[in-house]
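Asks: Mind looking at a prediction? Sequence and model below.
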Amino acid sequence: MRLSRSFIPTLKETPTEAQIVSHRLMLRAGLIRQHAAGIYNWLPLGTRVLQNIAQIVREEQNAAGAQEIIMPTVQSGELWKESGRYDDYGPEMLRIKDRHERDMLYGPTHEEVVTDIFRNNVKSYRDLPLNLYQIHWKFRDEVRPRFGVMRGREFLMKDAYSFDTDFARAKHAYNQMFVAYLRTFARMGLRAIPMRADSGPIGGDMSHEFIVLAETGESAVFCHKGLLEKPIPQGVNYEGDLQAIVDDWTSLYAATEEKHDAAVAAKLGADLVSARGIEVGHIFHFGTKYSAAMKATVAGPDGTNITPMMGSYGIGVSRLAGAIIEASHDDAGIIWPESVAPYRVGLINLKTGDAACDAACADLYAKLAAAGVSVLYDDRDERPGVKFANMDLIGVPWHVVIGPKGLAKGQIELKRRAGGAREELSIDAVLQKLST
Ligand code: 5CA
């Protein structure tokens, strides 16, 4: 993409309404714009990041055996009356009447809808296990939307729902998501620590929140420092027994404020980390809470009905964009991990209008595109300082700088955004390095 043609409305001034760095940088780098309290437009750069995050989530869900679907955002209130949550959910639920005065709502979560799909379409125990997920918009009329996309009212969530015939199998489904989550967040350059958590309005008694430690996090959290270094599981066989991996992670103390036991934690002494954290994922096992209330059953091997055991598994996809920036930025701007960066390379033409610079940039731009590398090419007629500052703010991982002096010697500059290391290389060497 040529910067001269792109819609990336960056801001020079620090927006005063933004209290935390990720919100400031998302506004300044032109990723998002607020539409109403807690409701955002995602501009081209933000959209690319959101899609990259969603794609990692999708790949890891698929690897763990979950299947993607898309459920409606606007739901019928009738289902929620069946589960008993229509009245319980309270003012966080955006309630809507259609033209026939029927109770509708904008979905804050989808346990009822997925259980309805299940009861209408799954008839036999042979069709289990089943795990269905979607990556879709939710609305929760939060009392205090704040920190930009971190606590929005409309937000993008990955929500998965598992169905199993008995507790042992449901535990396996829970473990599959537990391990998939460790891998998902690690691929985004984040260390998310699973912590014992309250299940809140979703219900159930087995629940973990995945927490990224950050000073600006909304919750106080406590954990054993060993969890900060534990290796992420590789080459996982999701059909095999995952209990040992889960036990390895859960045997060390980790709890959110609600589940914190100060007496137990005190025994950890210097190994205890007390910090603040951002909840990027939350998994729940809640047994037959929804399947029983909504009369979802399948025929068992002997013909008698089985009420399936369920779990639900959420990831805050839009919140992650903010969490990644909280974890990876400096005074100059965002430092995107390669896996989620809106572009991999930022190409800076130091002297737009100079025939040699223009030709070299156009040539490298075309060759990188042909190699499948995404490039943001700053071809504007601007001062070098403006271009450097802008590319640092946007935070793409690699900056290639082409100017008349270097070009005369056959050299261009390659800079790593993270750490700032620079090298002088030939155009071919840069092409080779960035194409692998
Ligand atoms: N049905 C379950 C799991 S599918 C559920 O709704 N879980 S949740 O309430 O914990 O939300 C899942 C994830 O969505 C959270 O871990 C968090 O990362 C994200 N999330 C929740 N509320 C918001 C919000 N207001 N703004 C941005 N992200 C949010």
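Replies: That came through fine.
Asks: Show me what the helix or strand where A362 lies is packed up against.
Replies: Following DSSP states H and E, one finds A362 within helix 355-370. Helix 355-370 is packed against strand 345-349, strand 375-378, strand 398-402, helix 404-408, helix 427-435, with contacts defined by 3 or more C-beta pairs under 8 Å, 6 or more residues apart in numbering; DSSP states H and E. C-beta: built from backbone N, CA, C; applies to glycine.
Asks: neighbouring contacts of that helix?
Replies: If you take C-beta atoms under 8 Å, 6 or more residues apart in numbering as the criterion, helix 355-370 is touched by 345, 347, 349-352, 375, 377, 379, 400, 402-404, 407-408, 412, 427, 430-431, 434-435.
Asks: Those, buried ones only, as a ChimeraX selection?
Replies: The ChimeraX selection below is limited to those of the contacts of helix 355-370 classed as buried (16 or more other C-beta atoms under 10 Å):
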select :345,347,349,350,351,352,375,377,379,400,402,403,407,412,427,430,431,434
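Asks: Which ones, among the contacts of helix 355-370, also lie beside the ligand?
Replies: Checked against the ligand using C-beta under 6 Å from any ligand atom, the contacts of helix 355-370 give no members in range.
Asks: coming back round to it: return the set of buried residues in the helix holding A362.
Replies: So, applying 16+ other C-beta under 10 Å, buried residues of helix 355-370: C357, A360, C361, L364, Y365, K367, L368.
Asks: again, but for stretch 216-229
Replies: T216, G217, S219, V221, F222, C223, H224, L227.
Asks: Output these in JSON lines; the columns should cover distance to the ligand, secondary structure and pLDDT.
Replies: Below are those laid out as JSON lines (distance: C-beta to the nearest ligand atom, whole Å; DSSP: H, G, I helix; E, B strand; the rest coil; pLDDT from 0 to 100):
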{"residue": "T216", "distance to the ligand": "14", "secondary structure": "coil", "pLDDT": "92"}
{"residue": "G217", "distance to the ligand": "12", "secondary structure": "coil", "pLDDT": "93"}
{"residue": "S219", "distance to the ligand": "11", "secondary structure": "strand", "pLDDT": "90"}
{"residue": "V221", "distance to the ligand": "13", "secondary structure": "strand", "pLDDT": "96"}
{"residue": "F222", "distance to the ligand": "18", "secondary structure": "strand", "pLDDT": "96"}
{"residue": "C223", "distance to the ligand": "17", "secondary structure": "strand", "pLDDT": "96"}
{"residue": "H224", "distance to the ligand": "22", "secondary structure": "strand", "pLDDT": "97"}
{"residue": "L227", "distance to the ligand": "18", "secondary structure": "helix", "pLDDT": "97"}
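Asks: before we move on, the earlier item: is it possible to export the buried residues of helix 355-370 to JSON lines including distance to T47?
Replies: Listed next are those as JSON lines, based on distance: C-beta to C-beta, whole Å:
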{"residue": "C357", "distance to T47": "30"}
{"residue": "A360", "distance to T47": "30"}
{"residue": "C361", "distance to T47": "25"}
{"residue": "L364", "distance to T47": "26"}
{"residue": "Y365", "distance to T47": "22"}
{"residue": "K367", "distance to T47": "26"}
{"residue": "L368", "distance to T47": "21"}
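Asks: quick check, nearest of the residues you listed to the ligand?
Replies: Ranked by distance to the ligand (C-beta to the nearest ligand atom), the buried residues of helix 355-370 are led by L368 at 34.6 Å.
Asks: Surely R95 is within a helix?
Replies: No - under DSSP: H, G, I helix; E, B strand; the rest coil, R95 falls outside any helix and is assigned strand.
Asks: So for it, what's the pLDDT?
Replies: On pLDDT, R95 comes in at 98.
Asks: same question, D302
Replies: 95.
Asks: Could you point out the helix or strand that follows the helix or strand encompassing A292?
Replies: Per DSSP H and E, A292 falls inside helix 289-293. Per DSSP H and E, the first helix or strand lying C-terminal to helix 289-293 is strand 298-299.
Asks: Name the surrounding residues that touch that following strand.
Replies: Contacts for strand 298-299 (C-beta under 8 Å, 6+ apart): V122, K123, S124, Y125, D127, L128, T165, N305, I306, P308.
Asks: Likewise for stretch 408-419?
Replies: Contacting residues not belonging to stretch 408-419 are listed as 328, 335-336, 356, 360, 364, 391-392, 395-403, 406, 421-427, 430, 433-434 [C-beta under 8 Å, 6+ apart].
Asks: Quick one: name the residues of the stretch 301-436 of the chain near the ligand.
Replies: So far as C-beta under 6 Å from any ligand atom goes, the stretch 301-436 of the chain lies against the ligand at S312, Y313, G314, G316, S318, R319.
Asks: again, only this time at 5 Å
Replies: By the rule C-beta under 5 Å from any ligand atom, the part of the stretch 301-436 of the chain lying against the ligand is S312, G314, G316, R319.
Asks: and the nearest residue to the third one once chain neighbours are set aside, which of the three is it?
Replies: In space, not counting the residues next to it along the chain, G316 is nearest to V280; the distance is 5.5 Å by C-beta to C-beta, 6 or more residues apart in numbering. Applying three-state DSSP to V280 yields a three-state assignment of strand.
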